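Student: My questions concern the predicted model and sequence given below.
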Amino acid sequence: MVSRWAGEANKAAKKEAQAASQRCGPAPKASYDLPVSLEAFGVKNLRCLVDTGLVPIRPITVLVGRNSSGKSTFLRTFPLLRQSVESRRSTPILWYGDSHPVDFGSLRDASSAWLSEPTVSFRFSMTAPKDSPFSPIGERRLDIEVTLAGAEAPYVSEYCIHVEEHEARWCFDSNGRARSLSVNDKTIPLSGPLCLGGRAHLLPTLLPGDGSDVLYSDAPPADLRYFDSPEVDADRVLLPPLVNAMRPVLEDSMNEQTLHTIATITTLGTRDALHAELARYRGEELLPASVRAIADDTILPALVARLSPRIIEVADILLADCMRRVAYLAPLRVTPQRAYRITNYAVDELEADGKNLAMFLRSLSPGETESFARFTRGALGFETSIRTSGIHAEILIRSATTKRLANLVDVGFGYSEVLPLAAVLWNSCLRQRGSSRKPVSIVAIEQPELHLHPAHQALLARMFVETVAQGHQTKIVIETHSESLINGLGRLVYDGEIKASDIQLVLFDQDEETERTGVRLAGYRDSGALYDWPYGFLSPVASRSVPPAAAE
């Protein structure tokens, strides 16, 4: 016979289930705003990068190291992921495409040479928007690592999900069938067949059955998959073990329907949070020690397993939204021309090599043209304009020291290198956007200092700092060899223009014998001084091992 409290708990559980359904259900299209923030990122076995660990992605993240040390490889993963989510494809990652800016060849080419079988892993740590309909778990941070294998036909071979204090590791065969699951290093038996399947952008979710069929689709701006129920397809396999695990803890006060409802709406948090939730359903203030042990041993692993498909699907949505908003500027920009043939294509952003710069500038409204001129005038000491004649257009430059306009090809080569950089930063961070255009998530820039005098390289530091100050949630990742840029950022920290905690320095140090690169983190103190910066890191290779005392 069900107790009076159990009847009340049943009503409360149903009410909470309805509330959960409303929280996860479709949100109005008009309120769609998903400024997903990538908090940290890491790779394993990508070319010379053994394991970068999780690298914090701050408002400004600077990648430093010798040539071929892997810093460009790390940075180019951002446009690589963008070109993947923008394209329909047969594999998780589009390593190469005719019209895309980066070319990793294939999984075999991208994988580290010392591996007998090629594999590459990507790890993402993201913060979900507050109060968004995409948060099915107890915290806003999603941390997931995906490993790809299969040289000729790449597939997802492993997921490692980190949520709160828990870790779930799923392994799959080449056909997408789940081979094993461990939660917090404990092997969990699977009660039925599961496979990777369905529609995905980068991370296919789990479905019941043993036949994998994944459609890797592109991610247009309005592509949203809302959840109209707390349940997912894989619940046919994963929910019964959770119900069975909860039965010994709650059977004295719960009927089967209520038990099923509670299993469906229970969220994943810390162990203490789970204990408190179970105690509430039992009508107790504190869960007995023996029951806590049962919960940790059986309920928690089953709960992590049951929520894994939803966590993967949520991470896929957030990651696709974040990566499709990446902007990228390559190190080799096109040689400027005296005149450009006018086209009538709509231009929303610069291409990676800046070849559509003239048409981008021509597409700006008068107000935007003035805004961009004000930005370059304040940051770099010059401004631009466009002059059209017939079917051609010219890019004109006017420096602070002269009132005369000059064609871009008639001024120093540094102008043609830094102008696309300024345009990418302004367009990504400072340009006014309508409600239908979300902000750029990451601006990935290679070697912004090319063809610039060291004094002007220091000016870039101020331009980056002023840009992120106005760029809301946009983050800038820079690959550089410029000591002047690094010192310039330190000076701005000293001057109070930017917080030291808003800059992350990432050092790529390659072993000369093994050609394997290790990654370590450095940064600035509030005084602007560097910390954890190894002596001679930017010095010539031959002198790097000589300590200061020996050099004297």
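Tutor: Great, that's in hand. Residues are numbered from 1 along each chain as shown.

Student: Just want to check the distance between Ser501 and Ala339.
Tutor: Distance of Ser501 to Ala339, given as Cβ to Cβ, to the nearest Å: 47 Å. The way it works is simple: take the backbone N, C-alpha and C, and place the C-beta from them, glycine included.

Student: between those two, which one's more packed in?
Tutor: Ala339 (17 against 13; other Cβ atoms under 10 Å).

Student: ok, now which ones touch that one?
Tutor: Neighbouring residues of Ala339 by Cβ atoms under 8 Å, 6 or more residues apart in numbering: Ser389, His392, Ala393, Glu394.

Student: Is it possible to mark the buried ones in those residues?
Tutor: Neighbour-count burial (16 or more other Cβ atoms under 10 Å) applied to the contacts of Ala339 gives Ala393, Glu394.

Student: Out of the contacts of Ala339, which is nearest to Phe74?
Tutor: Phe74 lies nearest to Ala393 out of the contacts of Ala339, by Cβ to Cβ, at 36.7 Å.

Student: mind listing what the host helix or strand of that closest one pairs with, with the direction of each?
Tutor: Ala393 is part of strand 392-399 when elements are defined by DSSP states H and E. Strand 392-399 sits in its sheet next to strand 340-341 (antiparallel), strand 382-389 (antiparallel), strand 406-407 (antiparallel), going by DSSP bridges.

Student: Now tell me what touches the second one from outside.
Tutor: Outside of strand 382-389, the residues that reach it under the criterion Cβ under 8 Å, 6+ apart are 339, 342, 358, 361-362, 369, 372-374, 376-377, 393-400, 405, 415, 419.

Student: Throw the strands paired with strand 392-399 into a markdown table and include mean pLDDT and distance to Ala168, thanks.
Tutor: Output for those, formatted as a markdown table (pLDDT from 0 to 100; distance: least, Cβ to Cβ, whole Å):
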| stretch | mean pLDDT | distance to Ala168 |
| --- | --- | --- |
| strand 340-341 | 93 | 53 |
| strand 382-389 | 91 | 52 |
| strand 406-407 | 92 | 60 |
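
Student: Save those as JSON lines, and put in distance to Leu319 too.
Tutor: As requested, these are arranged in JSON lines below (distance: least, Cβ to Cβ, whole Å):
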{"stretch": "strand 340-341", "distance to Leu319": "36"}
{"stretch": "strand 382-389", "distance to Leu319": "36"}
{"stretch": "strand 406-407", "distance to Leu319": "43"}
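
Student: can you tell which of these is closest to Val465?
Tutor: strand 382-389 (19.2 Å).

Student: From the contacts of strand 382-389, keep the buried residues only.
Tutor: Using 16+ other Cβ under 10 Å, the buried ones in the contacts of strand 382-389 are 339, 358, 361-362, 369, 372-373, 376, 393-399, 415, 419.

Student: And the strands paired with strand 392-399: which comes nearest Gln470?
Tutor: strand 382-389 (18.2 Å).

Student: What residues of that closest one count as buried?
Tutor: Phe382, Glu383, Thr384, Ile386.

Student: How far does that strand sit from its chain's centre?
Tutor: Centroid displacement of strand 382-389 relative to its chain, using Cα atoms, centre = their mean, to the nearest Å, is 36 Å.

Student: ok, now stretch 284-301?
Tutor: That offset, for stretch 284-301, works out to 36 Å (Cα atoms, centre = their mean).

Student: contacting residues around that stretch?
Tutor: 166, 183-184, 186, 188, 242, 245-246, 248-249, 271, 274-276, 278-279, 282.

Student: Can you tell me which of these end up in strands?
Tutor: His166, Val183, Lys186 (DSSP state E).

Student: Nearest spatial neighbour of the last one, chain-adjacent residues omitted?
Tutor: Taking Cβ to Cβ, 6 or more residues apart in numbering, and ignoring the residues beside it in sequence, Lys186 has Pro301 as its nearest neighbour in space, at 6.3 Å.
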